[in-house]
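**Q** generate coordinates for the sequence data below:
(one chain, ligands or ions: 1)
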Amino acid sequence: MADGNLANLAQAREDAYSTPLEQLNPAQPALFQADTMWPIFERLRAEAPVHYTPEHEFGPYWSISKYNDIMAVDTNHQVFSSEGGITIAEPPGGEGPLPMFIAMDPPKHDVQRKTVSPAVSPTNLQVMEPLIRERAAMILDSLPIGEEFDWVDKVSKELTGMTLATLFGMPQEDRRRLIYWSDVVTAAPGQGLIDTIEQKMAIFVEYHAYFTELWNQRVNAPPTGDLVSMLAHGEATRNMEPREYFGNIVLLTVGGNDTTRNTIAGSILALNRNPDQYAKLRADPGLIPSMVSETIRWQTPLAHMRRRALQDIEFGGKTIRKGDKVIMWYVSGNRDETVIDRPNDYIIDRERPRTHISFGFGIHRCVGNRLAELQLKIIWEEILKRFPMIEMIGEPKRVYSSFVKGYESMQVVIPRRT
Ligand code: HEM
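**A** Numbers count the residues shown, from 1 in each chain. Next up is the predicted model:
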C-alpha cells in the first residue's frame, strides 16, 4: 500500500482513472504535499509509460515513469541533456538558471564533478565516520524523553547540517544558516518560509556574500580538503565566474541537505507504518544497511530529474522532439512492479535492496550517495543503542513540491521507559 490518507488516496485514484489519459499531469506540487500522486503514476506505468502533458505552468513535458525507461534516458546524455536545469520548474527572475555542474553536459560537467568528488571519496568518508558518530550521539542524547518534538528539526536537519558544514569547512555555529539557505532555495513563495520571489532573491544575496567570503579566505591559503578550498584551487574551477561558483555551492547545499534529511525522517515514518519491520530491525541491527537502502528507495527524496532532448528521437513508441522537456519520475520508477517485487511495501530485508533509482544513473549519478548512506547507517546504529521506539504522532507535514519529496515537520515521542 502507498502511504497517505486512505480516503484522499481513494479519491485520487478515482480522479486518476476518470481523467482522459492525455490530460494527466503528475507535476502538481499539491499532489505530492497530500501524498496522493501515486495512482497517476500507477496508471501511467500501465497505460502510457512515455506520456506527454501538453499544458503545464512551466510548459509541456514528457513523463517517463518506468524503471528501465528512466535508466535508458538517464544513461543517454548524448541525446538527453541536463544543460540549463534539472527540475521541471524554470528559475525565477530574468537571469536564467544558475550554472552548476548537475545542470551541465560533458566536458564541463565532468571536470567540475571530478574537482569536488574527493570530498566524498571512501578515504574521506572513513575520516568523517567518527565525527558523524560523535555528533549523532550528541544529538540523540539531547532529545527530550516522554515529550513531543519535531524530529525533522531536532535530528534530521541537525545531523545533515553539521556534516555539510564540515564538508564546506564552515564554522559549526553557522550550520543553521546553511540549513535556512537550503530551505530557501527549494521553498515556493507563499508556502510558509518566504512570501515573494524578491524576498528569496534578497536572501540569496546574503547567502552568496557568505560564500564569497569563504572563497576569499580559501583562495589565499594553502589547499585543504574542504569543498570551498577544492573549488578555489581546482584547475577546472578556480577561474569560475562568481555566479557559477555560487551555483555549485547551491547544488552542494541542497544535494547534501534535503535528500539525506528527508530520508532520515522517511525512515521514522516507514518504520512506524510497518511495525513488523521495526521489530525485525530491533531484533537484528545487522539489517541497518539494507534498511537504509530500502528507505532511500521507498522515500525517493528527489521525485524527478529533468532532461531536454537534443534531437528528435523515437522512444517507447513515441516521438520526442528536439527541445522537448523530459521528466524522469524516479518516484514512479521505484514503484515499478515489473522490476521490483511488491514495490509499494516497505521490506527492510529485501534480496537486492540497492536495486532502486533514487540516486539516478549515468554520468550524473549522485556523487554523495555513500555519504548519505553512511549518515543514515550511523544515526540508526546510535538510535538502536538508545531507544527501542520512536513513535510518530499524527501525520507529518509534507513539502509542497514535485521535486523535493520530503517533510517540513514530523512530530514524535520517545516513550519514557518504566
Ligand atoms: C539519500 C540521499 C540522496 C539522494 C536520494 C540523492 C539523489 C541524487 C540524484 C537523483 C542526483 C541526480 C542523478 C542523475 O541525474 O542521474 C544526484 C546528484 C548529485 N548529488 Fe545527490 N542525493 C543524495 C545525497 C547527496 C549528498 C549527501 C550529496 C553531497 C555531498 C549529494 C550531492 C550531489 C551532487 C553534487 C550531484 C550532482 C552530480 C552530477 O551532476 O554529476 N547528494 N543526487
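**Q** how long is stretch 47-67 from one end to the other?
**A** Chord length of stretch 47-67, first to last residue, is 15 Å (Cα to Cα, to the nearest Å).
**Q** got the contact list for the nearest residue to Pro171 once chain neighbours are set aside?
**A** The shortest distance from Pro171 to any non-neighbouring residue, by Cβ to Cβ, 6 or more residues apart in numbering, is to Ala165 (7.3 Å). C-beta: built from backbone N, CA, C; applies to glycine. By Cβ atoms under 8 Å, 6 or more residues apart in numbering, the residues touching Ala165 are Pro171, Gln172, Asp174, Arg175, Leu178.
**Q** so which of these is the closest to the ligand?
**A** In terms of Cβ to the nearest ligand atom, no member of these lies closer to the ligand than Leu178, at 12.5 Å.
**Q** number of residues surrounding the closest one?
**A** Using other Cβ atoms under 10 Å, the number of residues around Leu178 comes to 24.
**Q** what are the buried residues along whichever strand or helix holds it?
**A** In this structure, Leu178 is located in helix 175-186 according to DSSP states H and E. Buried residues in helix 175-186, counting neighbours by 16 or more other Cβ atoms under 10 Å, are found at Arg175, Leu178, Ile179, Tyr180, Trp181, Ser182, Asp183, Val184, Val185, Thr186.
**Q** identify the residue with the minimum pLDDT among those residues.
**A** Lowest in pLDDT among those is Thr186, which has 85.
**Q** for the chain, what lies in contact range of the ligand?
**A** Neighbours of the ligand within the chain, by Cβ under 6 Å from any ligand atom: 74, 101-102, 113, 120, 251-252, 255-256, 259-260, 263, 296, 301-302, 305, 358-362, 364-368, 371-372.
**Q** which stretches of the stretch 151-300 of the chain form helices?
**A** Counting by DSSP state H, counting those that start in this stretch, the stretch 151-300 of the chain has helices at residues 151, 157-168, 175-186, 197-219, 227-233, 242-273, 275-283, 288-299.
**Q** same for the shortest one, what does it pack against?
**A** Same thing as helix 151. helix 242-273 (3 or more Cβ pairs under 8 Å, 6 or more residues apart in numbering; DSSP states H and E).
**Q** okay, the angle between the helix it packs on and helix 275-283?
**A** Angle of helix 242-273 versus helix 275-283, following axes from the mean of the first three to the mean of the last three Cα atoms, to 10 degrees, is 100 degrees.
**Q** list the buried residues in helix 242-273.
**A** Those would be 244-272, for helix 242-273 by 16+ other Cβ under 10 Å.
**Q** next, the angle helix 288-299 makes with it.
**A** Relative orientation of helix 242-273 and helix 288-299, computed by the same axes, to 10 degrees: 110 degrees.
**Q** do a quick rundown of the strands in this protein.
**A** For the chain, the strands defined by DSSP state E cover 50-53, 61-64, 80-81, 148-150, 304-309, 313-315, 318-320, 325-329, 391-392, 397-398, 407-409, 411-413.
**Q** can you put those strands in CSV and add mean pLDDT and distance to Arg133?
**A** Output for the strands of the chain, formatted as CSV (pLDDT from 0 to 100; distance: least, Cβ to Cβ, whole Å):
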stretch, mean pLDDT, distance to Arg133
strand 50-53, 98, 45
strand 61-64, 98, 39
strand 80-81, 98, 40
strand 148-150, 98, 22
strand 304-309, 98, 32
strand 313-315, 98, 45
strand 318-320, 98, 47
strand 325-329, 98, 35
strand 391-392, 98, 24
strand 397-398, 96, 29
strand 407-409, 95, 24
strand 411-413, 98, 22
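**Q** most distant residue from the middle of this structure?
**A** Distance from the centre of the chain peaks at Thr418, with 38.3 Å (Cα atoms, centre = their mean).
**Q** any idea how far the ligand is from that one?
**A** From Thr418 over to the ligand the distance is 36 Å, taken as Cβ to the nearest ligand atom, to the nearest Å.
**Q** pLDDT at that residue, what is it?
**A** Confidence for Thr418, expressed as pLDDT, is 74.
**Q** next, name the residue at the spatial heart of this structure.
**A** Centre-most residue of the chain, counting by Cα atoms, centre = their mean: Thr259, 3.2 Å.
**Q** for Ser358, see how far away that residue is.
**A** According to Cβ to Cβ, to the nearest Å, Thr259 and Ser358 sit 8 Å apart.
**Q** ok, Leu21 next?
**A** Using Cβ to Cβ, Leu21 is found at 27 Å from Ser358.
**Q** more neighbours, these two?
**A** More crowded of Leu21 and Ser358, by other Cβ under 10 Å: Ser358, with 25 against 11.
**Q** surely Thr212 and Pro242 touch.
**A** Yes: the pair formed by Thr212 and Pro242 meets the contact definition of Cβ atoms under 8 Å, at 6.7 Å.
**Q** only the buried subset of the residues of the chain next to the ligand, as a ChimeraX command please.
**A** Command for ChimeraX, covering only those of those found buried under the criterion 16+ other Cβ under 10 Å:
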select :74,101,102,113,120,251,252,255,256,259,260,263,296,301,302,305,358,359,360,364,366,367,368,371,372
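**Q** around Pro130, how many other residues sit close by?
**A** Using other Cβ under 10 Å, the number of residues around Pro130 comes to 10.
**Q** same check on Trp215?
**A** Residue crowding around Trp215 was assessed by other Cβ under 10 Å; the count is 20.
**Q** skipping adjacent residues, who's closest to it in space?
**A** Counting by Cβ to Cβ, 6+ apart, the residue nearest Trp215 is Ala232, at 5.3 Å.
**Q** which residues does that neighbour contact?
**A** Contacts of Ala232 by Cβ under 8 Å, 6+ apart are Trp215, Arg218, Val219, Arg238.
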